[in-house]
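Enquirer: give me the fold of what follows.
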Amino acid sequence: MTGGITLGHGIMLLKNGAETVPVSKPFVHPTVAAAAEGTVVALTCAVREGTEPLSFSWHHQEPRGGPSAYPPGLEGFGPQLHLTPANRSHAGWYTCTVGNQVNNQTSEPVYLDIVYGPDEPAISVEPFSPEPGGFSVGEREDVVLSCLAPSNPPSRYIWLHNGSQVHTGQTYIMAAITRAQAGTYTCLAENTHLQTRTQATILLTIYWIPAGGPLCTAVATKGDDYVMLRCWWEGGTPPVTLHWWDGEGKALGDPGLSSAVLVLSAAGSLGGRDFVCMAAHPLRPAGADCRLRLEVPELEAERSEVVVLEGGEARLACRRRGSRADLGATLAWYDPEEREVTPGMAKYRVERGEDWVNLTVQDAEWPRDGVFFPGQWALPASLSTSVWTSRSRHHQKPPRTSKVNVTTTMNVIP
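Expert: Reported below is the predicted structural model:
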């Protein structure tokens with residue numbers, strides 16, 4: 001070859017154009033092997049030999065072997081490729097192809113790593129039961145908390161419960177969770193390469209239902225003009241919802257949390273009517289109830305006649321028959337002058353229980369303490385209930401007050 005010009009890197013051009021040097025195998029050189037997301041990165045493609053003009057083309061393959069293509073959002077079609085700025089989609093294998101009129105050569109692939117994250121964590125809860133502001137699970141259930149915060153290198157995960165570390169790892173499993181484990185759960189994600197952290201927090205509510213069932217009572221209010229039905233079942237998360245219904249399935253009043261009160265006018269006929277307090281809770285689909293029947297009590301005296309010597313002591317006893325007196329009924333003894341016998345009165349001692357009342361008459365005296373009846377000296381005493389509950393009063397007017405009486409005759413022998 002004569003009259004030729006030798007260029008750098010062994011590229012030979014002949015003045016007469018008779019010969020053209022083919023391109024050598026190119027190589028790719030990035031400014032950095034691992035770039036932080038958001039920074040500027042350049043890749044340079046170079047050949048040692050080859051007659052100009054040269055053409056350059058770039059190809060990108062995803063890290064896990066995806067399709068090869070010119071990466072979107074890149075600048076440059078010549079020997080340099082600019083990532084301005086680099087993002088996570090730019091990670092992968094890069095090759096360049098250089099050609100001239102003689103041949104084309106493709107470089108060996110070069111890997112460019114993009115370091116990023118962690119992104120804001122996403123927390124998932126199993127079983128999945130979202131509610132406003134967080135998630136809920138039933139007590140004694142197995143709960144799995146999972147956290148995902150995309151990052152390169154992968155995130156390191158730390159779990160906090162109410163601000164205190166409880167676990168390290170992407171998944172946190174709590175077997176047979178208890179109400180003490182309710183509260184906030186924070187997933188802390190860390191990129192150890194970039195020394196960056198992100199976090200997310202959820203509120204976990206533990207549903208539990210109180211033991212037992214609803215209780216209910218009925219009492220008189222406002223001078224015996226009204227009957228108040230009260231139902232309660234305290235505790236639980238969320239609180240138990242209570243609602244009164246009549247015996248025909250009609251809802252009465254407004255529902256309440258842990259307690260429900262229904263006020264009825266005593267002017268109407270309430271005797272013999274049934275009322276049901278229904279309880280509802282997410283953990284008890286079948287529900288529970290407490291039932292009341294408004295009825296007049298049945299009373300009975302222990303003995304219909306008591307005989308006592310003058311100066312002696314007599315015991316009179318009465319009790320409520322049937323179900324317990326748990327609806328606010330009161331039992332009282334009255335003397336022959338229709339005065340209620342109360343604790344502290346001279347000559348009388350009163351003892352009472354939930355559904356019984358006993359009266360002891362001390363130092364029986366004739367005739368002052370007696371009333372004459374043919375053939376005997378007697379001290380009549382009546383047991384009365386002035387009951388303003390649904391089970392013991394006829395709620396009708398007039399009369400305003402209804403009593404159930406039994407009488408024990410006490411014979412005082414002089």
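Enquirer: show me which positions of stretch 33-44 end up buried.
Expert: Neighbour counts over stretch 33-44 (16 or more other Cβ atoms under 10 Å) mark 35, 37, 41-44 as buried. Where you see a C-beta, it was placed from the backbone N, CA and C, and this is true even at glycine.
Enquirer: can you check stretch 78-91 too?
Expert: Within stretch 78-91, the residues that qualify as buried by neighbour count (16+ other Cβ under 10 Å) are 79-81, 83, 86, 90-91.
Enquirer: just the closest of those to A364, please.
Expert: Among the buried residues of stretch 78-91, A91 lies closest to A364 (Cβ to Cβ), at 107.7 Å.
Enquirer: name the nearest residue to that closest one, sequence neighbours excluded.
Expert: Nearest residue to A91 in three dimensions, chain neighbours excluded: I114, at 4.1 Å (Cβ to Cβ, 6 or more residues apart in numbering).
Enquirer: any idea which helix or strand carries that neighbour?
Expert: Element membership for I114, per DSSP states H and E: strand 110-115.
Enquirer: contacting residues around that strand?
Expert: With Cβ atoms under 8 Å, 6 or more residues apart in numbering as the test, strand 110-115 has contacts from 28-30, 33-37, 41, 43, 63, 86-88, 90-95, 152-153, 191, 193-194.
Enquirer: partner strands of that strand, with direction?
Expert: Strand 110-115 has the following strand partners under DSSP bridges: strand 34-36 (parallel), strand 92-99 (antiparallel).
Enquirer: S107 and L43 touch, don't they?
Expert: No: using Cβ atoms under 8 Å, S107 makes no contact with L43, being 10.2 Å away.
Enquirer: and the strands in the stretch 151-300 of the chain?
Expert: 156-161, 164-168, 171-174, 183-191, 196-207, 215-221, 226-232, 241-246, 251-257, 259-265, 274-281, 284-293, 298-301 (DSSP state E, counting those that start in this stretch).
Enquirer: now tabulate the ones you listed in TSV and tack on mean pLDDT, distance to E354 and mean neighbour count.
Expert: Compiled in TSV, the strands of the stretch 151-300 of the chain are given as follows (pLDDT from 0 to 100; distance: least, Cβ to Cβ, whole Å; neighbours: other Cβ atoms under 10 Å):
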stretch	mean pLDDT	distance to E354	mean neighbour count
strand 156-161	98	47	18
strand 164-168	97	49	12
strand 171-174	98	45	16
strand 183-191	98	43	21
strand 196-207	97	36	17
strand 215-221	85	12	18
strand 226-232	90	18	21
strand 241-246	95	24	20
strand 251-257	95	27	13
strand 259-265	92	22	17
strand 274-281	94	21	20
strand 284-293	88	17	14
strand 298-301	77	14	17
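Enquirer: of all the ones you listed, which lies closest to C147?
Expert: The closest of these to C147 is strand 183-191. By Cβ to Cβ, the value is 3.7 Å.
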